[in-house]
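Q: prediction below, plus the sequence it came from.
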Amino acid sequence: MFARLLLALVVVIAPAVIWGTSGSLPPAVASHFAASGVADGWMPRGVYLVVTLVLATLLPLVIAVTTGLVPHLSRRPKLMRDPEYWFAPARRDATEAFLRDHACRLGTLLSAFMVALHLAVVDANRSTPAQLAMPTFYALLGTFAVLFVVWIGVLGIRFRTPA
């Protein structure tokens, strides 16, 4: 339940943060950067805002909802180890609740990552020429990757084959 509330809060706060920090963006936003951090791609501010808002709000919601629906769509062993065990009447409700909450955790992680990337892009567009702070970018990317691996690990641990 907490994971669902947190996702709802994040997808309400994310657009406010994105919108509130976009005032300083130039009409042509540097939105793609070379490995050196130098901008090599731009898009109109309005398009950038729409894309960023979709990636920070709608995409996490779609991922959370669809991931949470997987148990309802299929009970095939390819999607989960020992589905007969985990979806037995005695465990079905707890299994489905965990999967829904865990999907919401993934949506929250993705939304927070997209907001953080947006803030890095805002910072990059403050300089002339636009320059993305690559240590910041790599720290964000690494943090996201580690947390995503942890997310997958928690899923694996929770649904390990019963003895």
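A: The structure has been received and is ready for your questions. Residues are numbered from 1 along each chain as shown.
Q: continuing past the strand or helix carrying residue 53, what's the next helix or strand?
A: Using DSSP states H and E, residue 53 sits within helix 45-53. Moving toward the C-terminus from helix 45-53, the next helix or strand (DSSP H and E) is helix 59-73.
Q: residues contacting the residue nearest the centre of the chain?
A: Centroid-nearest residue in the chain: residue 110, 0.9 Å away (criterion: Cα atoms, centre = their mean). Residue 110 sits next to 59-60, 63 when contact means Cβ atoms under 8 Å, 6 or more residues apart in numbering. Glycine gets a C-beta too; all of them are placed from N, C-alpha and C.
Q: pLDDT check: weakest of those residues?
A: Within the set of the contacts of residue 110, pLDDT is lowest for residue 63 (88).
Q: what's around the nearest residue to that residue once chain neighbours are set aside, how many residues?
A: Among residues not flanking residue 63 along the chain, residue 107 sits closest, at 5.5 Å (Cβ to Cβ, 6 or more residues apart in numbering). The tally of other residues near residue 107 (other Cβ atoms under 10 Å) stands at 27.
Q: hang on, residue 107 packs against residue 68?
A: No. Checked against Cβ atoms under 8 Å, the pair residue 107 and residue 68 is beyond contact range at 9.1 Å.
Q: coming back round to it: let's see the helix holding residue 53 as CSV, backbone CA atoms only.
A: Extracted as CSV, the C-alpha positions of helix 45-53 are listed here (Å, rounded to 0.1, in the frame of the first residue of the first chain):
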residue,chain,number,x,y,z
ARG,A,45,11.6,23.7,-25.1
GLY,A,46,7.9,22.8,-25.5
VAL,A,47,8.8,19.4,-27.1
TYR,A,48,11.4,18.8,-24.4
LEU,A,49,8.9,19.5,-21.6
VAL,A,50,6.3,17.1,-23.1
VAL,A,51,8.8,14.3,-23.6
THR,A,52,10.2,14.8,-20.2
LEU,A,53,6.8,14.9,-18.5
